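> Any chance you could fold what I've pasted below:
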Amino acid sequence: MASPSVLVRAAHYYPKNTHKIIGGHCTGRGMQYPLKWLANTFDNKRLAAFRECLSFTALFGPATIQWRLTIQTDGALLTLVVTPNNKLTMERENLMRYEAPTTTKQAATLLAQEPGVACILAGGTDLLVKMKMDMVEPDLVVDIKRIPAMQAISASAAGAKIGAAVSGATLNSHKALKKSWPGVVEAVNLIGSDQVQGRCTMVGNLCNASPAADSVPAMIAAGAKAIIVGKDKRRTVAVEKIVTGPGQTSLAKDEVIESITLPKRPAKSGDAYLRFTPRTEMDIAVVSAGVNLTLERGVIKTARVVLGAVAPTAVLVPAAAKAIVGSKLDEAALEKLAAACAAACNPIDDKRGTIEYRTKVAGVLAVRTAKIAFQRAGGSL
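Next up is the predicted model:
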């Protein structure tokens, strides 16, 4: 028969200062009964423990009982099991560890030292959903919201710096940033609902690496750069070099993006972002476009055109920019812009849109976005 004394003796091998008994139960005839005494130390409650065990043995019959004891250790749950034939086995389940560093260097060091799966928690609007769907089971979660540099928005002669943990709602309430880079702010504000906006971040949207991410085309069009911190070094990388494929980035295991920098807005310039979705709100882009341009005497001097959701990553389209540079967005220039965008597409067929549909919409959306950016720069159509 399964003897509870085997369980008691096994539990004594685990020191109380590093191991905590968090529960147990016995199973018999298809039913489970919790053992209340397991929440206490064996030393003080041993007699009561055996009395309770004996009562369950009498109830179920000695040949049908299985005893289970769960012990929490540093980094794991150990479950000791005594089967009806009195055999002792152990099951181990690793515990997720949560850390909230106060510097970016500490965060990078934690990531470097974790041998298992490590995930960064900013707003959690992607990570928590993936965890709930069992798409990811992190051994370590590093919360970056207590790092001051991650929560700040600052301006300098070089431009603006936005911390990786700054939420979409905070970004939308920053008047100077909305005035300088309205397209970037608009793109971030399209991520999720009002509730999600209170948590989501543009860096989280970037590192989630979805081909349809809203903030990414706008950031690339703006010439944004990511400040990346590793355990031993810092580096600055153009945003278009971060995402390498769906769900994949160029970041090393020990690297975390600390902030995004946007260049100082030149005079007579403007940016814009548009997306096409089946619904007006709370949807994923079928196609998106970001455009940033600068005028000189009413003529486009420089431009950057970026498409989203039409390839594995956001696509910077130099040919589309070339099509409108030197023009005032006349019909001929807009036709060349649409054609260049269509040629740059490499979309998939799915329930949200066919390859042909996405390719056609990309050109149309780029034209509309370019017109908005042109007018924001002071141009007249």
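> what's near enough to touch the residue nearest to V216 when sequence neighbours are not counted?
Excluding the flanking residues, the one nearest V216 by C-beta to C-beta, 6 or more residues apart in numbering is A314, at 4.7 Å. All C-beta atoms are positioned from the backbone trio N, CA, C, and that covers glycine. Neighbour list for A314: P211, A213, V216, P217, I220, E240, V243, V306, L307, G308 [criterion: C-beta atoms under 8 Å, 6 or more residues apart in numbering].
> what do you get if the cut-off is 10 Å, keeping everything else the same?
A314 makes contacts with 206, 210-213, 215-221, 239-240, 242-243, 288, 290, 306-308, as judged by C-beta atoms under 10 Å, 6 or more residues apart in numbering.
> Out of those, which sit inside strands?
Judged by DSSP state E, the contacts of A314 include V243, S288, G290, V306, L307, G308 as members of strands.
> Buried among these? Need that as a selection in ChimeraX.
Here is the ChimeraX selection string for the buried members of those, based on 16 or more other C-beta atoms under 10 Å:
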select :243,288,290,306,307,308
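> quick check, nearest of the ones in strands among the contacts of A314 to I162?
Distance ranking of the ones in strands among the contacts of A314 against I162, using C-beta to C-beta, places G290 first at 16.3 Å.
> what bridges to the closest one?
Assessed by DSSP bridges, G290 has beta-bridge partners Y273, V306.
> Please give me every residue in contact with it.
Contacts of G290 were listed using C-beta under 10 Å, 6+ apart, and they are 183-184, 186-187, 214-222, 271-275, 304-308, 314, 316, 366, 369, 373.
> at 7 Å what do you get?
Going by C-beta atoms under 7 Å, 6 or more residues apart in numbering, G290 touches G183, A187, P217, A218, I220, A221, Y273, V306, T369.
> farthest-separated two in the residues you listed?
Applying C-beta to C-beta across the contacts of G290, the maximum distance is between I220 and T369, 13.1 Å.
> could you measure A108 against K231, distance?
Going from A108 to K231 by C-beta to C-beta, to the nearest Å gives 5 Å.
> The two: who's more crowded?
A108 (25 against 18; other C-beta atoms under 10 Å).
> SS state for the more buried one?
The three-state label for A108, taken from DSSP: H, G, I helix; E, B strand; the rest coil, comes out as helix.
> wait, it sits on K233?
No. Contact between A108 and K233 fails when scored by C-beta atoms under 7 Å: they sit 9.5 Å apart.
> Poorly predicted segments of the stretch 201-350 of the chain, please.
The model of the stretch 201-350 of the chain has no residue with pLDDT under 70.
> This structure: helices as residue ranges?
Per DSSP state H, the chain has helices spanning 4-11, 42-60, 104-113, 127-132, 148-151, 168-172, 175-180, 182-188, 194-197, 202-207, 215-222, 318-324, 331-344, 355-376. These are given in chain order.
> closest one to G298 among the ones you listed?
Using C-beta to C-beta, the helices of the chain put helix 355-376 closest to G298, at 9.8 Å.
> Can you tell me what sits against the closest one?
Residues outside helix 355-376 that contact it (C-beta under 7 Å, 6+ apart) are 182-183, 270-274, 276, 286-287, 289-293, 305, 307, 310, 320, 324, 329, 334, 337-339, 341-342, 345, 347, 349, 381.
> angle of it against helix 331-344?
Interaxial angle of helix 355-376 relative to helix 331-344 (axes from the mean of the first three to the mean of the last three C-alpha atoms, to 10 degrees): 140 degrees.
> For helix 355-376, the averaged confidence score.
For helix 355-376, the mean pLDDT works out to 97.
> Check which residues of that helix are buried.
358-374, 376.
> which one is A224 nearest to, not counting chain neighbours?
V239 (4.6 Å).
> how about the one you found, what does it touch?
L206, V216, M219, I220, A224, K225, A226.
> Measure how buried the third one is and give me the count.
Applying other C-beta under 10 Å, we find 34 other residues in the vicinity of M219.
> do the second one as well
By other C-beta under 10 Å, 30 other residues sit near V216.
> Just to check, G159 is in contact with T261?
Yes. Counting by C-beta under 7 Å, G159 does reach T261; the two are 5.9 Å apart.
> list the contacts for the residue nearest to A112 when sequence neighbours are not counted?
Nearest residue to A112, sequence neighbours excluded (C-beta to C-beta, 6+ apart): D254, at 3.5 Å. Contact partners of D254, counting by C-beta under 7 Å, 6+ apart, are A108, L111, A112, G230, K231.
> what distance separates the start and the end of stretch 335-352?
This stretch, stretch 335-352, spans 26 Å end to end (C-alpha to C-alpha, to the nearest Å).
> who's in contact with it?
By C-beta under 7 Å, 6+ apart, the surrounding residues in contact with stretch 335-352 are 278, 286, 305, 307, 310-311, 315, 317, 319-320, 323-324, 355, 358-359, 362-364, 366-367, 370.
> Could I get the buried residue list for it?
In stretch 335-352, the ones that count as buried by 16+ other C-beta under 10 Å are K336, L337, A338, A340, C341, A342, A344, C345, P347, R352.
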